[in-house]
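Chemist: pasting the sequence and the predicted coordinates here, then a few questions.
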Amino acid sequence: MSDRYLNLVNSPLGSAVATRVGLPKPAVLRRYKSGDPILPGPVLIGATTGRVKASLIKLVTAAGADVRAAETEGDRWGALIFDATAVATPADLAGIREFFSGRLRSLLPSGRVLVLGRAADGADITVDATRQALDGIVRSLAKELQRGSTANLLLVEDEASLGSALRFFLSGKSAYVDGQPLVLGAGVAPAPKDWDQPLAGKTALVTGAARGIGAAIAAVLARDGARVIVADLQQAGEALAKVANRIGGTALHLDVAAPTAPEKLLTYLQAQTDGLDILVHNAGITRDKLLANMKPEQWDSVIAVNLQSQLSINAALLGSSLLRDQGRVVCLSSTTGFSGNRGQTNYGATKSGVIGLVRSSAAAFAAHGDSTINAVAPGFIDTEMTAKMPLATREVARRLSSLQQAGLPIDVAEAISWLASPGAGGVNGQTLRVCGQNLVGA
Amino acid sequence: MEKKVTVKTRRAAIVGGNRIPFARSNGKYSHASNQDMLTAAIDGLVARFGLQGEQVGEVAAGAVLKHSRDFNLTRESVLGSTLAPTTPAYDVQQACGTGLETAILVANKIALGQIDSAIAGGVDTTSDAPIAVNEGLREVLLDVNRAKSVPDRLKALTGLRPNQLVPTIPQNSEPRTGLSMGEHQAITTQEWGISREAQDELAAASHRHLAAAYDRGFFDDLVTPFLGLTRDQNLRPDTTVEKLSKLAPVFGTRLPGGVEGATMTAANSTPLTDGASVVLLASDEWAAEHKLPVLAHFVDGETAAVDYVHGDRKADGLLMAPVYAVPRLLARNGLTLQDFDFYEIHEAFASTVLTTLKAWEDAEFCKQYLGLDAPLGSIDRAKLNVNGSSLAAGHPFAATGGRIVASLAKMIHENGGGRGLISICAAGGQGVVAILEA
């Protein structure tokens, strides 16, 4: 459903009124469209060392960005990138202030701030404290940015996935990812033949795909070149068939929570595919109740669908040859998994559980032909479900993020399609929040 | 040099099927047309097997109750579906045998190598039924249309009568006898002495089997919900012989024996139903190229007809043609009635199934009417309609064949192989039967 408030404050009159009265002014976010330039303007790169690495310039340029070696008066920036991987002492952090402070006002709408750092590794207390400080800088800066711009932190352990990550974070595909750190590790991360069809030749399966976020994920995976199998309950079959026919995919009736689901899935994959490259565990339900009033069936069904099904299906896939090498599994968590939510002890359990699941499964998937498993945690996303919320609650919830608006199903789908792409092979065991830097649980 | 064309044959494979849940007449699909339902069934099949934009060899389907505007029903449904618009299609109509007959037709074309893939099916609505103008009114209007001058037209219009405003609603009765199908079957039921208890038991078993099949997910890849209906609307999972025994008879009450002797109720007869079904058939090569499964192969089909108008009251009952078709089919394929793992005998009425089985067991009948030295014998009733049939699922006339072909093929596949017999009776004293094998 459309965000009427967002449309209003982006009209001339609404904008003037909102400014005078001091109302929030959410921006219309720049979202990916095939053929669009990766950024609305040129890129300036800085570094703690004072000298930007040539390899970084090369990667940003390869992503299609216009990297400027020098700046002139009046330059307006599509993105500001700062390489802080060399920070070692708190005094080094001043370089970040110096680079950004004079230039943030010339960041174009829906601009990007990316800070490259390293994860604290326990080797040196001072170095670790300094590296960790980057987290606070980026999260705070993300809250200061306006007009749809975002700031994110890439913790570069290995450059295998840096090029692919730059393409995602600089483009409109990351429109609703804000204030987030992500570790880029070692892994097998080949560049696709065609960056517009990064999933060409891949077979993907999306559970819970009949509507909402699941249908959007299926559509984006298909757009990116994958052959998509959409799965949902038999009861959702009518909508599911429409999704399949819209995206040129295949419909599979599957109750992921049924004890027979893993076996049914393997039988199907064996008979009708050459193996699976991408699995998106999107199926999920809510049965909200205060814990004091929670009935056993409300508890059990949420655990079975949202968490146990993912564990069981993953175990079956890892034990078979049907998950192909460099397979990609992406699980749906939620910001509720970080923050908790009143009335959602059961749901919160599963969404936190998924964060643990991907972290602990990473090694097993890496051992399975350099595969990866990650999670995406959506914040407040406009779907059929949120359309049913009371107006006031929904309006307040929409504004409770740095981007002051709800995300769209496509925002979640873009993050998933990136994590599912060959180039993201260096990202493993992590949970990426797609929440517009939700003020709760961000 | 003279060129000679050699004709090779191959077996047609059943890849899978799709149907929408069957709805009771004037129920969930009251406002759905035959074209809506057939298109939905095709689109569900396309979604299941990823056939978007695919040019299938041909689509053959039909409907028994058909609006005159639906003269090209199947082709119109194809054009409204996500199949390639270059997919040819045609309509078939053989009463309740329509669905199975379409499967025989396309299987034969595949066997002859004329096409590599096909969709067979059928649809019927008794809710969105065609209503024709009164026959008298129709004749007057045609005369008006033929008249060349204004005075001639006015003269023709004087033929109008008030009673011509009453429309003609299609009826489930035989034009040559005026008897409804139920009344015909009631005669057969009485002639063969089929008991009320046996009929009620068969009906209860049909509901029990269909419910169990749904519960174990058997229909997960055979049925796609439509208009909010996820299971067959007629299904009563909790029905029992005891409950059924309390119903009053609806057919045969005017036969000798009266209401007391009548045995056919609304529960052991199929209700009027709306729905559609389709089956995907192909050559083995086509299935392999598309990475699709082969559930079973279509072996052979046979059609028979009886002279129910002038024939013997017991031996030539309206719905007894399959009794004659099956022995011919068995003989041609060198099989006995016992050589099957599954029997799918369409439950037009519980007593139709029971009459059919009884006739095959009757040495006298088999000798006199089927020309057999020995009766075909009995079947293992545990192999009959194991996942329910028309009494529980309902029977949208032309859609029943597709329902049975797809379900039976899946049963054989699940069984790890085997052979199944399909028997479907049809109005006009016809019967269509077939063998599937894997």
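Modeler: Yep, that arrived.

Chemist: which bits of the stretch 151-300 of chain A sit near chain B?
Modeler: Residues of the stretch 151-300 of chain A lying near chain B by C-beta under 8 Å from any C-beta of the partner chain: A:227, A:234-238, A:240-242, A:244-245, A:248-255, A:258, A:260, A:264, A:271-274. Where C-beta positions appear, they are placed from N, C-alpha and C, glycine not excepted.

Chemist: buried sites along stretch A:276-287?
Modeler: Buried residues in stretch A:276-287, counted by 16 or more other C-beta atoms under 10 Å in any protein chain shown: A:Leu276, A:Asp277, A:Ile278, A:Leu279, A:Val280, A:His281, A:Asn282, A:Ala283, A:Gly284, A:Thr286, A:Arg287.

Chemist: just these now: which is nearest chain B?
Modeler: A:Leu276 (12.9 Å; C-beta to the nearest C-beta).

Chemist: beta partners for that closest one?
Modeler: Taking DSSP bridges as the rule, A:Leu276 bridges to A:Leu323.

Chemist: need the max-distance pair from the buried residues of stretch A:276-287.
Modeler: A:Asp277 and A:Arg287 (32.7 Å; C-beta to C-beta).

Chemist: show me the domain layout of chain A.
Modeler: If you go by automatic domain parsing, the domain ranges for chain A are A:31-184, A:203-434.

Chemist: switch the ones you listed over to TSV; also include mean pLDDT.
Modeler: Below are the domains of chain A laid out as TSV (pLDDT from 0 to 100):
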stretch	mean pLDDT
domain A:31-184	96
domain A:203-434	96
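
Chemist: buried deepest among these, which one?
Modeler: domain A:203-434 (a mean of 21; mean count of other C-beta atoms under 10 Å in any protein chain shown).

Chemist: quick one: end-to-end length of that domain, please.
Modeler: Terminal residues of domain A:203-434 lie 24 Å apart, using C-alpha to C-alpha, to the nearest Å.

Chemist: so how far is it from its chain's centroid?
Modeler: 12 Å (C-alpha atoms, centre = their mean, to the nearest Å).

Chemist: for the domains of chain A, give me CSV that also has distance to B:Pro375.
Modeler: Formatted as CSV, the domains of chain A follow (distance: least, C-beta to C-beta, whole Å):
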stretch, distance to B:Pro375
domain A:31-184, 71
domain A:203-434, 41
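
Chemist: ok, A:Gly148 to A:Val87 distance?
Modeler: Distance of A:Gly148 to A:Val87, given as C-beta to C-beta, to the nearest Å: 28 Å.

Chemist: cool, and A:Tyr32?
Modeler: Taken as C-beta to C-beta, the span from A:Tyr32 to A:Val87 is 32 Å.

Chemist: just to check, B:His207 is in contact with B:Ser390?
Modeler: No - taking contacts as C-beta atoms under 8 Å, B:His207 lies outside contact range of B:Ser390: 11.3 Å.

Chemist: what about these two, which has more around it?
Modeler: Higher neighbour count among B:His207 and B:Ser390: B:Ser390, with 31 against 23, using other C-beta atoms under 10 Å in any protein chain shown.

Chemist: the more buried one reaches B:Ala350, doesn't it?
Modeler: No - counting by C-beta under 8 Å, B:Ser390 does not reach B:Ala350; the two are 9.8 Å apart.

Chemist: run through the helices of the stretch 301-442 of chain A in chain order.
Modeler: Taking DSSP state H, counting those that start in this stretch to define them, one finds helices in the stretch 301-442 of chain A at A:309-318, A:336-339, A:345-367, A:384-387, A:391-399, A:409-419.

Chemist: make TSV from the ones you listed and add distance to B:Ala63 to it.
Modeler: Formatted as TSV, the helices of the stretch 301-442 of chain A follow (distance: least, C-beta to C-beta, whole Å):
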stretch	distance to B:Ala63
helix A:309-318	41
helix A:336-339	51
helix A:345-367	47
helix A:384-387	35
helix A:391-399	47
helix A:409-419	39
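
Chemist: of those helices, which is nearest B:Val306?
Modeler: helix A:309-318 (54.1 Å).

Chemist: out of the domains of chain A, which gets nearest to B:Leu357?
Modeler: The nearest among the domains of chain A, by C-beta to C-beta, is domain A:203-434 at 33.2 Å.

Chemist: chain A contacts on the stretch 201-350 of chain B?
Modeler: Residues of the stretch 201-350 of chain B lying near chain A (C-beta under 8 Å from any C-beta): B:217, B:219-221, B:223-228, B:230, B:291-293.
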